[in-house]
Structures are given as C-alpha cells and as structure tokens.
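Student: Show me the folded form of this:
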Amino acid sequence: MIRFNDLVKLAKGAHSVKELRSVVFDGKSAITAAPLDWMAGVPCIQPALSAPVVVPVEAIQAHMLKSRHLVVMPDHLTNGQGLVTPLNKSDKWDDSVVLDMMPAQPEADAVSFSLELNALDRVLVAAGKQDIRYYLNGVLFDLTDGMLVGCDGHRLHAYSNRVPRAFADADKRVEVVYGRAPLRWILNSASPAARTTIWNATDETAPKTALLQMADGFVCIRNALDGKYPEWRRVLPAPLTRPVWGEVHPLGLSAAVEAMGKAMALTTGGKSHRVTFDFGNGQVFGPDAHAVLPVTLGLNTEQADIDLDALRDGLWCAVEADYLQDLADCVTGAARWHFAHDDTPNQALFVVDDDFRAVVMPLRDCAKPRKPESAKKAPKVKPAAVQAQEAAQVEEGAQAEPCPAAVDAMAAQLVAGVVKKAQEAAKAAQKARKVAPVAKVAQKVPEAV
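Tutor: Sure thing, here's the model as predicted:
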C-alpha cells in the first residue's frame with residue numbers, strides 16, 4: 001500500500017533545486033515533483049486549505065517527529081491540539097518553481113483503460129535498469145497490437161490483452177514507452193489495477209502525458225521516453241515452431257535456481273551467478289556436476305515422429321540465475337516451456353503462459369557440467385603391521401600423506417553444505433511478486449477523456 005511516508009521519502013531526494021524538495025497540498029492530495037519528469041501523489045484531505053500550499057519536506061519531517069497528526073495551514077503545520085511547526089522557508093524561496101509544474105489535464109485526444117498491476121509487474125521486471133539504450137529502461141505500451149513489453153537486451157517479457165488495441169486500424173504503429181521509476185513506484189499500491197490515461201499517443205510533437213490512478217495514490221508522467229524501441233516481435237517465436245515443451249512447478253524451479261545461483265556466487269567470489277538448466281533431464285546445475293538439484297519437468301510433444309528420449313541430453317542452457325528465477329516467479333504451473341528440439345544445445349528459453357510470453361537468451365561460451373564419474377574402486381586394505389607403523393608416525397608428529405578419497409569426500413561435503421544453506425535461505429525468502437493465476441482481462445472499447 002502506498003503511504004504518505006512514501007511520498008515524503010520520494011520528496012526528500014537530494015535535488016539541487018531546494019523548492020523541489022517539497023510537498024504540495026491542494027486540499028485533496030499531497031503531491032511531489034522531485035523526480036522532475038514525473039509526479040507522484042497520495043490522497044490527503046486538508047479542509048483548511050483553499051489554495052495550494054508548498055511545504056518543505058524538512059518541515060514535514062520535523063513535525064512528524066513530534067506528532068502523527070498533520071494539519072496543513074497556509075503558513076504553518078499543526079496537529080490540531082496546539083503543536084505548531086513553522087514552514088521555515090528562506091527569503092529566496094519561490095513557490096512558483098513547484099506550482100508551475102503541477103499536473104493539468106491536457107486538452108487533447110486520450111485513451112483510457114484499466115491496467116492490471118500484476119501484469120505490469122511481470123513485464124517491468126525484464127525492463128532495463130541503467131542501460132545506455134535509455135529507451136529500454138521502461139515498458140512499451142503497444143496501442144496497435146494491445147501489448148505490454150519489457151526488454152533489457154538479454155530477456156524479454158510480453159503480455160497481450162492488457163492494453164487496448166486503440167489504433168489497430170491506424171496507418172502507422174502507435175507505441176509509447178514509459179520509464180521504470182514511476183511504474184515501479186505504483187506497484188506498491190494495494191489496488192489491483194490502475195486507471196490509466198494516455199494523451200497525444202499519435203502526436204509525434206506533443207508530450208505523451210500519462211496519468212495512472214489508484215485508490216491509494218497516483219502518478220503523472222510528463223512524457224514518454226524517446227528512441228526507437230527494438231522490433232520485439234522478431235524475438236518471440238511462434239509456439240508451433242517449437243513442438244517440444246515441458247511443464248515445471250515454478251516454485252520448485254525458483255528455489256533450485258536461487259540455491260544454485262548462491263552456490264555459484266560463493267564458488268566464484270560473487271563474480272558469476274550463472275546456472276545451467278538441464279530441462280531434458282530435469283536438473284539445475286551450479287558450479288559443477290556435484291552441485292545439482294532436481295526439478296520435476298516432463299517433456300511433451302504433439303508430433304509422433306519426435307523421439308523425446310533421444311533429445312534429453314541436448315536440451316540445456318546456461319543463463320543468469322536472476323533471469324531464470326524472475327521468469328519462474330512470473331508464471332504458473334500451466335506454463336509451457338518450449339524448446340528448439342532441432343537446434344544446438346545452450347538454446348534460448350521460450351515460455352508461454354496464457355497471455356504471457358517470455359524469452360531468455362543463453363550465456364555463450366558455456367559448457368554443460370559433466371555428469372559425476374562412477375564410483376571408484378575401494379582401495380585395498382593395508383596390512384595391520386603397516387597400519388600400526390603409520391599410526392606411530394602420526395603420534396610422533398610426522399606428516400601423514402593426505403588420502404585422495406578423503407579430500408574428495410571433504411570437498412563434496414562442503415559443496416553439499418553450501419547447497420543446503422542456500423536451499424534453506426530460498427525457502428525462507430519472501431518474494432515481492434505475487435504468485436497468482438494469470439487471468440485474461442477483457443478490454444473494453446477505449447473511452448474518450
């Protein structure tokens with residue numbers, strides 16, 4: 001749930017313009033424009049106000065240290081019971097710097113629809129974070145095909161039927177990309193969906209303003225990100241081109257990947273989180289073939305001429321553990337994990353779960369961990385006289401030659417301990433993303449606003 005303290009924390013950002021480190025109270029809402037390119041707000045009824053008041057965030061924090069009750073007056077803060085906190089604005093403080101940035105409804109054509117936040121979360125997780133290709137650092141709203149798309153160049157998550165096909169008959173494709181920061185902020189809402197309005201979607205010269213409203217807050221995005229978004233349709237293969245698929249329990253896969261990723265990080269000193277997903281044999285490998293966890297995955301095909309048993313050893317890929325875990329957290333047990341049965345090993349993953357599609361690219365120059373060697377023959381038992389002599393040497397302080405079998409056993413025990421601890425941590429971890437069925441949302445005809 002979005003709270004007033006979340007807004008105060010956002011407004012506290014160390015911005016060079018002191019006026020932007022403030023909250024505007026208009027009587028019905030509290031709004032901050034600290035991020036510049038987007039504004040956030042929460043409901044905040046203030047009956048004493050007849051005009052907007054700009055309050056420095058330092059004054060709000062000083063007042064909240066003394067009282068939980070905040071009543072905004074035109075020139076001070078109070079709790080309604082005698083406590084008075086001055087606004088402490090400097091002589092050079094200029095309210096117009098902030099007030100001129102407050103959102104106003106554009107007088108332009110608009111598309112309005114209900115955006116499912118659960119779907120937005122599953123797409124946003126694949127969007128770029130600090131990519132030099134700035135247009136990847138957000139989510140694509142495709143108003144021609146009705147798609148939500150997130151991509152960082154290594155993976156792609158896409159949802160259909162979550163935005164309307166408002167311009168399906170237009171001569172030119174209509175797409176807008178909004179940055180991850182405001183979208184990430186609204187995911188804290190307790191509302192299941194956000195009432196979303198996009199203005200000037202087809203105007204290449206006007207700002208493509210967006211307003212997302214929830215019961216506990218709202219976000220106004222001034223403009224979409226510039227730049228040409230990649231042709232994501234070429235990345236998503238048609239399911240019919242991959243007739244071999246499997247079903248896996250997503251929670252079990254997520255726990256196995258998290259455990260193996262931690263084992264890999266411990267082995268490499270945090271330099272790598274790569275895991276190998278052997279979906280032909282139902283295994284997730286960590287640093288080597290000894291660090292392995294099973295996952296239940298059954299191969300299926302609808303083509304009688306495909307020999308599944310002959311394909312098993314070649315169906316594997318090496319991927320970043322975080323990418324695979326995010327994908328497992330985004331799908332249900334009914335998802336189909338499609339494999340290119342006639343392709344080379346270490347292939348891209350393609351997953352279909354109702355309206356959800358995802359592709360994860362493999363890490364190159366990786367080899368599949370070798371299977372553990374067969375058990376070695378038991379060493380010959382030494383004569384009793386030799387054993388007694390060696391025991392005497394140890395008592396005298398002589399260095400005994402280490403037994404190779406004992407060293408191997410100790411190494412295996414250490415790896416097993418790491419895997420066990422990682423498994424326990426995976427079970428105890430609380431996922432931020434909700435594991436919920438993926439339901440179709442019937443989109444209505446776009447409403448004019």
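
Student: domain ranges for the chain?
Tutor: Under automatic domain parsing, the residue ranges defining each domain of the chain are 4-90, 110-234, 239-371+419-428.

Student: Switch those domains over to TSV; also include mean pLDDT and distance to Pro103.
Tutor: (Each C-beta comes from the backbone N, C-alpha and C, glycine too.) Shown next, in TSV, are these (pLDDT from 0 to 100; distance: least, Cβ to Cβ, whole Å):
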stretch	mean pLDDT	distance to Pro103
domain 4-90	93	6
domain 110-234	93	4
domain 239-371+419-428	85	31
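
Student: Helices along the protein, start to end?
Tutor: Here the chain has its helices, by DSSP state H, at 4-11, 57-64, 96-99, 117-124, 180-186, 250-268, 308-311, 321-330, 384-395, 404-428.

Student: And the strands in the stretch 151-300 of the chain?
Tutor: Secondary structure of the stretch 151-300 of the chain by DSSP state E, counting those that start in this stretch: the strands cover 155-160, 175-179, 193-199, 210-214, 217-221, 244-248, 274-278, 283-285, 292-294, 297-301.

Student: Just send those back as JSON lines, with mean neighbour count too.
Tutor: Formatted as JSON lines, the strands of the stretch 151-300 of the chain follow (neighbours: other Cβ atoms under 10 Å):
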{"stretch": "strand 155-160", "mean neighbour count": "24"}
{"stretch": "strand 175-179", "mean neighbour count": "22"}
{"stretch": "strand 193-199", "mean neighbour count": "21"}
{"stretch": "strand 210-214", "mean neighbour count": "22"}
{"stretch": "strand 217-221", "mean neighbour count": "24"}
{"stretch": "strand 244-248", "mean neighbour count": "21"}
{"stretch": "strand 274-278", "mean neighbour count": "25"}
{"stretch": "strand 283-285", "mean neighbour count": "23"}
{"stretch": "strand 292-294", "mean neighbour count": "19"}
{"stretch": "strand 297-301", "mean neighbour count": "16"}
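
Student: State the distance from Arg133 to Asp142.
Tutor: Separation of Arg133 from Asp142 (Cβ to Cβ, to the nearest Å): 18 Å.

Student: Just want to know which of those two has more residues nearby.
Tutor: Taking other Cβ atoms under 10 Å, Arg133 and Asp142 do not tie; Asp142 has more neighbours (23 against 14).

Student: and stretch 289-301, C-alpha only, in CSV?
Tutor: C-alpha atoms of stretch 289-301 as CSV (Å, rounded to 0.1, in the frame of the first residue of the first chain):
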residue,chain,number,x,y,z
ALA,A,289,28.1,-31.5,-11.7
HIS,A,290,28.3,-32.2,-7.9
ALA,A,291,26.2,-29.1,-7.1
VAL,A,292,22.9,-30.1,-8.7
LEU,A,293,19.3,-30.0,-7.7
PRO,A,294,16.4,-31.9,-9.4
VAL,A,295,13.3,-30.3,-10.7
THR,A,296,10.2,-32.0,-11.9
LEU,A,297,9.8,-31.4,-15.6
GLY,A,298,8.1,-33.7,-18.0
LEU,A,299,8.7,-33.4,-21.8
ASN,A,300,5.8,-33.4,-24.1
THR,A,301,5.2,-33.2,-27.8
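
Student: and Val8, what is it in contact with?
Tutor: For Val8, the contacting residues are Val23, Val57, Ile60, Gln61, Met64, by Cβ atoms under 8 Å, 6 or more residues apart in numbering.

Student: ok so, going back, determine which of the domains of the chain approaches Ala104 most closely.
Tutor: domain 110-234 (9.4 Å; Cβ to Cβ).

Student: measure that closest one end to end?
Tutor: The first and final residues of domain 110-234 sit 29 Å from each other (Cα to Cα, to the nearest Å).

Student: now that domain: how far from the chain's centre is it?
Tutor: 15 Å (Cα atoms, centre = their mean, to the nearest Å).

Student: Just put the contacts of Val8 in a markdown table and tack on distance to Phe167 and neighbour count.
Tutor: Output for those, formatted as a markdown table (distance: Cβ to Cβ, whole Å; neighbours: other Cβ atoms under 10 Å):
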| residue | distance to Phe167 | neighbour count |
| --- | --- | --- |
| Val23 | 37 | 28 |
| Val57 | 41 | 21 |
| Ile60 | 43 | 25 |
| Gln61 | 46 | 15 |
| Met64 | 46 | 17 |
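
Student: Just the terminal-to-terminal distance for stretch 98-112.
Tutor: Using Cα to Cα, one end of stretch 98-112 lies 27 Å from the other.

Student: can you pull the buried residues of that stretch?
Tutor: Across stretch 98-112, burial judged by 16 or more other Cβ atoms under 10 Å covers Val98, Leu99, Met101, Pro103, Pro106, Ala110, Val111, Ser112.

Student: got it, and stretch 308-325?
Tutor: Within stretch 308-325, the residues scored as buried using 16+ other Cβ under 10 Å are Leu311, Gly314, Leu315, Trp316, Cys317, Ala318, Val319, Glu320, Ala321, Tyr323, Leu324, Gln325.

Student: wait, what's in contact with the last one?
Tutor: Think Gln325. By Cβ under 8 Å, 6+ apart, the contact set of Gln325 is Ser254, Val257, Glu258, Gly261.

Student: of those, buried ones?
Tutor: Buried members of these, counted by 16+ other Cβ under 10 Å: Ser254, Val257, Glu258, Gly261.

Student: Is it possible to get JSON lines of the buried residues of stretch 308-325 that adds distance to Tyr229?
Tutor: Conversion of the buried residues of stretch 308-325 to JSON lines gives the following (distance: Cβ to Cβ, whole Å):
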{"residue": "Leu311", "distance to Tyr229": "35"}
{"residue": "Gly314", "distance to Tyr229": "34"}
{"residue": "Leu315", "distance to Tyr229": "32"}
{"residue": "Trp316", "distance to Tyr229": "31"}
{"residue": "Cys317", "distance to Tyr229": "26"}
{"residue": "Ala318", "distance to Tyr229": "28"}
{"residue": "Val319", "distance to Tyr229": "23"}
{"residue": "Glu320", "distance to Tyr229": "23"}
{"residue": "Ala321", "distance to Tyr229": "27"}
{"residue": "Tyr323", "distance to Tyr229": "20"}
{"residue": "Leu324", "distance to Tyr229": "24"}
{"residue": "Gln325", "distance to Tyr229": "26"}
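
Student: I am finished for the moment; much appreciated.
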